[in-house]
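*Asks:* Predicted coordinates and the sequence they were generated for:
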Amino acid sequence: MTPKLPIVDSHIHLFPETHLKTLAWHNANSPLGTQHSVNEYRSATKSTSLQGFIFLETDRLSSITPSPPNHGWQHALDEVSLLTRIALGTPIPGEGHVPSDKDLCLGIVPWAPVPGGPDVLSAYMQQVRDRTGDIWAKVRGVRYLVQDKESGTMLGDDFVAGLRWLGREGLVFDLGVDARSGGLGQLREAVEMMRLVYAEGEGVTIVINHLCKPNLRLEVDDIRSHSEFLEWKDLVSKMARAKRTYMKLSGGFSELLPLTELEVDFGAIVDRVQPWTDVVFDAFGADRVMFGSDWPICNIGGGGNDVAWGRWRRVVEEVLERRGLSEEQKMGVWGSVALHAYGIEI
């Protein structure tokens with residue numbers, strides 16, 4: 001069933017062609033090695049009633065310290081300036097957006113040097129404030145992607161103190177861990193990090209990305225009794241015990257086998273995803289779960305820009321139907337949960 005209310009997409013990335021070489025993961029041969037800005041996003045979502053999106057940082061070349069010989073903060077701050085122009089409706093030629101797109105940008109979650117601790121974070125966020133100016137209120141949180149960082153990163157004293165600082169400043173932290181590629185050890189570390197952060201009270205909101213990237217490719221007769229699934233379930237349930245944690249229904253096409261067929265068996269996809277999403281709803285409750293597309297990353301496994309966004313929306317629709325959610329709960333997953341978690345008023 002198609003959602004009755006416009007959708008808030010809680011997780012998208014944007015990058016114009018002129019910024020490609022500043023992306024840490026950029027490769028000219030990558031299927032994402034071309035511009036993916038608002039023009040392309042509008043094309044991907046053209047058949048949907050979309051209320052707007054929340055932008056997530058795109059993993060720019062960066063470093064905790066602000067100056068050479070490391071990459072510093074320049075590329076991440078240039079990304080902030082790009083989003084500022086989108087949110088203000090003041091494009092420059094070649095960026096792939098138009099003035100009216102400003103209404104789509106509901107929230108901005110830039111990169112930030114969280115492991116640097118409160119002093120470093122404060123200095124960096126002041127530069128973000130200076131860059132955003134009149135639209136500073138749209139900056140709702142930050143992300144420092146930990147899925148590709150050294151073990152122990154999340155447990156550093158400065159990292160934990162940085163998260164507490166974010167809470168005091170009213171900023172959300174987006175947590176990106178990867179159970180399939182990075183291993184369940186990342187989730188164990190995240191659970192311990194949350195224990196440390198919340199030891200002094202639940203002051204920071206943590207929004208967990210992409211179901212923690214579970215291994216949706218496991219081929220077993222009974223996934224619900226498999227040891228990897230059971231440990232993932234236990235760890236996700238522990239994350240949910242903190243009442244200011246949320247989970248995004250996003251990123252599934254990166255963990256499933258790629259879809260190449262013109263005709264897709266959505267029932268089979270939902271059959272594979274449902275054991276994992278059942279855990280999420282059991283642990284977090286519908287009032288702490290939100291829809292996100294992970295565009296344009298979803299295009300790689302989802303069949304391309306013309307179909308991937310709509311395919312993931314349809315998968316989530318069926319997940320919510322099978323879960324038996326009320327209309328009010330569905331409306332929450334499609335939009336109001338994200339707005340509440342990020343403190344966005346529209």
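*Replies:* In hand now; what should we look at?
*Asks:* Please, where are all the helices along this structure?
*Replies:* Assigned by DSSP state H, the helices in the chain fall at 38-44, 74-88, 117-132, 157-168, 179-182, 185-197, 227-240, 252-255, 266-284, 297-302, 308-323, 327-331, 337-342.
*Asks:* Not counting the third one itself, show me its contacts.
*Replies:* It refers to helix 117-132. The contact list for helix 117-132 (C-beta atoms under 8 Å, 6 or more residues apart in numbering) reads 64, 66, 73, 77, 80-81, 83-84, 87, 108, 110, 112-114, 116, 136, 138-139, 142, 157-159, 161-162, 164-166, 169, 171. Using the backbone N, CA and C atoms, a C-beta is placed for each residue, glycine as well.
*Asks:* one more time with 6 Å, if that's ok
*Replies:* Leu77, Val80, Ser81, Thr84, Ala112, Pro113, Trp136, Val139, Asp158, Ala161, Gly162, Trp165 (C-beta atoms under 6 Å, 6 or more residues apart in numbering).
*Asks:* which sections of the protein are below the confidence cut-off?
*Replies:* 1-5 (pLDDT under 70).
*Asks:* Please name the spatially closest residue to Leu32 (chain neighbours excluded).
*Replies:* Pro296 (6.1 Å; C-beta to C-beta, 6 or more residues apart in numbering).
*Asks:* I figured that neighbour was touching Gln35, is that so?
*Replies:* No: contact criterion C-beta atoms under 6 Å: Pro296 and Gln35 do not qualify, at 9.9 Å.
*Asks:* If you count surrounding residues, which of these two has more?
*Replies:* Pro296 (26 against 18; other C-beta atoms under 10 Å).
*Asks:* closest to Glu328 among the contacts of helix 117-132?
*Replies:* The nearest member of those to Glu328, counting by C-beta to C-beta, is Val139 at 29.4 Å.
*Asks:* Could you give the bridge partners of that closest one?
*Replies:* Ile108 (DSSP bridges).
*Asks:* Number of residues surrounding it?
*Replies:* Around Val139 there are 23 residues (other C-beta under 10 Å).
*Asks:* Identify the spatial nearest neighbour of Leu104, chain neighbours not counted.
*Replies:* Nearest non-adjacent residue to Leu104 (C-beta to C-beta, 6+ apart): Gly52, at 4.6 Å.
*Asks:* Look up how far Glu317 lies from that neighbour.
*Replies:* Per C-beta to C-beta, to the nearest Å, Gly52 is found 19 Å from Glu317.
*Asks:* is it true that Ala76 touches Ser62?
*Replies:* Yes: Ala76 is within contact range of Ser62, at 4.8 Å (criterion: C-beta under 6 Å).
*Asks:* got any residues that touch both of the two?
*Replies:* By C-beta under 6 Å, 6+ apart, the residues touching both Ala76 and Ser62 are Trp111.
*Asks:* His36: what's it in contact with?
*Replies:* Contacts of His36 by C-beta under 6 Å, 6+ apart are Phe15, Pro296.
*Asks:* what bridges to it?
*Replies:* Assigned bridge partners for His36, using DSSP bridges, are Phe15.
*Asks:* Leaving out the residues flanking it, which one is nearest to Gly185?
*Replies:* Closest to Gly185 by C-beta to C-beta, 6+ apart is Ser151, at 6.6 Å.
*Asks:* The residue nearest to Glu169 when sequence neighbours are not counted: neighbour count?
*Replies:* The spatial neighbour of Glu169 that comes closest, neighbours along the chain excluded (C-beta to C-beta, 6+ apart), is Met125 at 7.3 Å. Using other C-beta under 10 Å, Met125 is surrounded by 20 other residues.
*Asks:* cool, the one 4 residues further on as well?
*Replies:* Neighbours of Arg129 under the rule other C-beta under 10 Å: 12.
*Asks:* so how far is Ser122 from it?
*Replies:* 10 Å.
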